[in-house]
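> Return a 3D structure for these sequence lines:
(2 chains)
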Amino acid sequence: MEPSVNKLQTSLGRIMLQSPITVASGTFALDNLKIVEQNFLGAFVCKTITRHPKKGNPPPRLFETEAGLLNSIGLQNPGLDKFIAEDLPVLKEKLDVPLIVSFSGSSYAEFAEMLETLEKQEGIAGYELNVSCPNVENEGIAFGVNPDIVHQLCKQLAPLTERELIVKLSPNVSDIGMIAKAAEEGGATAISMINTVWGMAINYQNGKSMLQKGIGGYSGIGIKPIALALLYQAAKVIHIPIIAMGGIYKWQDALEFFWAGASAISLGTANFIDPLAVQNVYAGINAFLQERNITLSDIVGKYELE
Amino acid sequence: MSKPIPLYIKREIYSSTELTGNYFVLRILDEELALKCKPGQFFELRAAKMETDCSLPKLFKPISIYDVTKVIISFLIKKRGSGTNSLSKSTTTDLLEMIGPLGNGFPIVSGRNVLLVSGGIGYPPLSYLYKELIAQNQIYWIHGGGGSNDVFPCNEVWTIDGSYGNKGMVTENLENILTEKKIDLIYSCGPIPMLKECFRKASKLNIEQYCSLEAYMACGIGSCYGCAVPIGKNDQWNYLRVCQEGPVFNAEEVLWNLL
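The predicted structure is shown next:
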């Protein structure tokens, strides 16, 4: 694919993506590449890693609603050491596209320690900081809901890496623009948004919740308008690139997010609904741009208010 | 055990047959795919017309393989929600979206006294297994259902309402069967309470047991971790994925008290 004729090429701060389509953490593994052709992917984002192994939440962990999916996986992962020893070598071997490692810590020090450990590894293009974990230094509130904490975290981590530093924002906040700006000013090189929205479902017959933990994360088609509005609010106040996600299923959805200011998009729940979502969305965007003879950058952030 | 290669394909439905009690059988003609299947494995299925039928697309449904002949793969399905209802309305030449075969199957043995215990829609995978085991093993099969609409061919039927066969739960007379038939291996598939009870009674006699677990599933290929169940021994356990490490587990390693 010649970059000069690739109308879908996009820039994500320090890395160039040959496709604006990435995948949401925890929704797409290497086995998906036995279904989807890798060259339609701009970058691969792995499932979130924590310092120590996490078992995750008790089942049931999933429930499909009328317009999306509730999940309560609980960040199940093998921990940083096992990830580096076992998973990373396979990812490096199999991937031809940039690898973005998603990780989460429970304190500033743990985030920094994880970053420094990952920095010693080759084959990583960037990091996605999952700031949904409780910050033990601040009475257990999640990092991502407080702009001062997000700012402080980015300020501590940014000097430690030359790689792409993406902060993944939660939609469960009162002013997402303020948090996005705090990340940018702290030194983040990109933002990804949104993580899942709080959601719940109850069996109307017996009153029992459909997830063992009750409240979970809501994703899929139903959250698209929420994600688009939050992206619009963040894009107005920051200048670093945004990877948008939240209910993107079709190529038409993706275009809405590009107009609203996303430099790249991520497919999450869409991968479960349409196993070929990555290449179908790619094909749709490509046809749209070819037909108008424009490039992706011609529409990014060019939305107009009626 | 080598992992299955996930495969996403669309195939025409070869036949669709209505049975009693909301059950139906879908058949697919595909020799290459049929060769890959093993008893205990499953497919993620969805009616391709689902997208046009419904305003919003839905997840695939994990469906056990019911039978495989040289060229035909069959699925015995119960109508339970929008996904399976949509599958039931599919007719010949309609397209079926399929991912699979997925998961690890049952261990195949020989020279054993085997008991099959199925409950409700736990019947299909054991039916496929029965066919693979019958030539080399002594098999006794007990099946339980809610009523006469939930029964299938086997050696001994139990219904909760007593409308067919013996009245009661399928595990009611389990101890006697295990002793009388000199059972040394059990395969089970059905609702969790049934599997638990089966394990509770048979483990007292130290009988080897394998069970196929059902779980709510999204991807079917191991990426989402939505279908995980607690597997292991004592403190050494973890949530393993029904789609990837299962659906068949050694019953002794399932942490039943956490399910």
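
> Can you name the residues of chain B that neighbour chain A?
Contact residues (CB under 8 Å from any CB of the partner chain) of chain B with chain A: B:5-8, B:56-60, B:99, B:215-219, B:221-230, B:238-239, B:258-259. Bear in mind the C-beta positions are built from the backbone N, C-alpha and C, glycine included.

> What distance do you get for the closest residue to A:Glu185 other than its chain neighbours to chain B?
Take A:Glu185 and drop its neighbours on the chain: the residue closest to it by CB to CB, 6 or more residues apart in numbering or on different chains is A:His151, 6.1 Å away. From A:His151 across to chain B, the span is 32 Å (CB to the nearest CB, to the nearest Å).

> what sits against A:His151?
For A:His151, the contact set (CB atoms under 8 Å, 6 or more residues apart in numbering or on different chains) comprises A:182-183, A:185-186.

> Save the residues you listed as TSV, and put in secondary structure and neighbour count too.
Shown next, in TSV, are those (DSSP: H, G, I helix; E, B strand; the rest coil; neighbours: other CB atoms under 10 Å in any protein chain shown):
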residue	secondary structure	neighbour count
A:Ala182	helix	22
A:Ala183	helix	30
A:Glu185	helix	14
A:Gly186	helix	21
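
> Near residue 32, how many other residues are there?
Going with chain A. 23 (other CB atoms under 10 Å in any protein chain shown).

> oops, chain B please
Neighbours of B:Glu32 (other CB under 10 Å): 9.

> Verify the assumption that A:Phe272 is located in a helix.
Yes. Counting by DSSP: H, G, I helix; E, B strand; the rest coil, A:Phe272 is located in a helix.

> residue contacts, it?
A:27, A:69, B:59-60, B:218-219, B:224.

> Low-confidence ranges, the stretch 201-306 of chain A, go.
Of all residues in the stretch 201-306 of chain A, none has pLDDT under 70.

> Tell me which residue of the stretch 51-200 of chain A lies closest to chain B.
A:Leu62 (3.9 Å; CB to the nearest CB).

> what sits against that residue?
A:69-72, A:211, B:216-218, B:224, B:226-227.

> How about the contacts made by residue 67?
Picked chain A for this. Taking CB under 8 Å, 6+ apart, we find A:Ala67 in contact with A:220-222, B:56.

> was after chain B, sorry
Taking CB under 8 Å, 6+ apart as the test, what B:Asp67 contacts is B:73-74, B:76, B:124, B:127-128, B:131.

> run the last query once more with 10 Å
B:25, B:27, B:34, B:37, B:39, B:73-76, B:124, B:127-128, B:130-131 (CB atoms under 10 Å, 6 or more residues apart in numbering or on different chains).

> Let me know the distance separating it from chain A.
Taken as CB to the nearest CB, the span from B:Asp67 to chain A is 25 Å.

> Pull the number of nearby residues for residue 72.
No chain specified, so I'll use chain A. For A:Ser72, using other CB under 10 Å, the count is 25.

> wait, chain B
Around B:Ile72 there are 16 residues (other CB under 10 Å).

> can you check B:Asn206 too?
For B:Asn206, using other CB under 10 Å, the count is 9.

> in chain B, what spans have low per-residue confidence?
Using pLDDT under 70, chain B drops low at B:1-6, B:50-55.

> Give me the buried positions along the lengthiest strand in it.
Counting by DSSP state E, the longest strand found in chain B is strand B:8-18. Across strand B:8-18, burial judged by 16 or more other CB atoms under 10 Å in any protein chain shown covers B:8-9, B:13-14, B:16.

> Can you show me the CA trace of that strand as PDB?
The C-alpha trace of strand B:8-18 is given here as PDB (Å, rounded to 0.1, in the frame of the first residue of the first chain):
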ATOM      1  CA  TYR B   8     -16.100 -17.300  10.100                       C
ATOM      2  CA  ILE B   9     -18.200 -18.400   7.200                       C
ATOM      3  CA  LYS B  10     -21.700 -18.200   5.800                       C
ATOM      4  CA  ARG B  11     -23.500 -21.300   4.700                       C
ATOM      5  CA  GLU B  12     -26.900 -22.100   3.300                       C
ATOM      6  CA  ILE B  13     -29.200 -24.000   5.600                       C
ATOM      7  CA  TYR B  14     -29.600 -27.500   4.100                       C
ATOM      8  CA  SER B  15     -32.700 -28.300   6.200                       C
ATOM      9  CA  SER B  16     -34.600 -27.100   9.200                       C
ATOM     10  CA  THR B  17     -36.900 -29.500  11.100                       C
ATOM     11  CA  GLU B  18     -39.400 -28.500  13.800                       C
END
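
> what helices or strands is it leaning on?
strand B:23-29, helix B:31-36, strand B:42-47, strand B:72-78, helix B:82-89, strand B:95-102 (3 or more CB pairs under 10 Å, 6 or more residues apart in numbering or on different chains; DSSP states H and E).

> switch to 8 Å and redo it
With contacts defined as 3 or more CB pairs under 8 Å, 6 or more residues apart in numbering or on different chains; DSSP states H and E, strand B:8-18 has these neighbours: strand B:23-29, strand B:95-102.

> CSV for those, including distance to A:Lys55 and mean neighbour count?
Listed next are those as CSV, based on distance: least, CB to CB, whole Å; neighbours: other CB atoms under 10 Å in any protein chain shown:
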stretch, distance to A:Lys55, mean neighbour count
strand B:23-29, 37, 19
strand B:95-102, 23, 22
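
> Redo those as CSV? Include distance to A:Ser132.
CSV is the format used below for these (distance: least, CB to CB, whole Å):
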stretch, distance to A:Ser132
strand B:23-29, 41
strand B:95-102, 29
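
> A:Gly217: what's it in contact with?
Per CB under 8 Å, 6+ apart, neighbours of A:Gly217: A:70-72, A:195-199.

> for the closest residue to B:Cys189 other than its chain neighbours, helix, strand, or coil?
Leaving out its chain neighbours, the residue that sits closest to B:Cys189 by CB to CB, 6+ apart is B:Gly122, at 3.5 Å. Under three-state DSSP, B:Gly122 falls in the helix class.

> anything in the host helix or strand of A:Ala254 near chain B?
Applying DSSP states H and E as the criterion places A:Ala254 in helix A:251-260. No. If you take CB under 8 Å from any CB as the test, helix A:251-260 misses chain B, and the best it gets is 12.5 Å.

> And that helix, what's buried?
For helix A:251-260, burial by neighbour count (16+ other CB under 10 Å) applies to A:251, A:253-260.

> Next: stretch B:111-122.
For stretch B:111-122, by 16+ other CB under 10 Å, it's B:113-122.

> distance between the ends of that stretch?
Terminal residues of stretch B:111-122 lie 24 Å apart, using CA to CA, to the nearest Å.

> Same question for stretch A:207-224.
28 Å.

> which element follows the helix holding A:Ala254 toward the C-terminus?
Past helix A:251-260, the next helix or strand by DSSP H and E is strand A:264-267.

> Quick one: residues in contact with stretch A:178-188.
Contacts for stretch A:178-188 (CB under 8 Å, 6+ apart): A:129, A:144-148, A:150-155, A:157-159, A:165-167, A:169, A:173, A:191, A:193, A:234, A:237-240.
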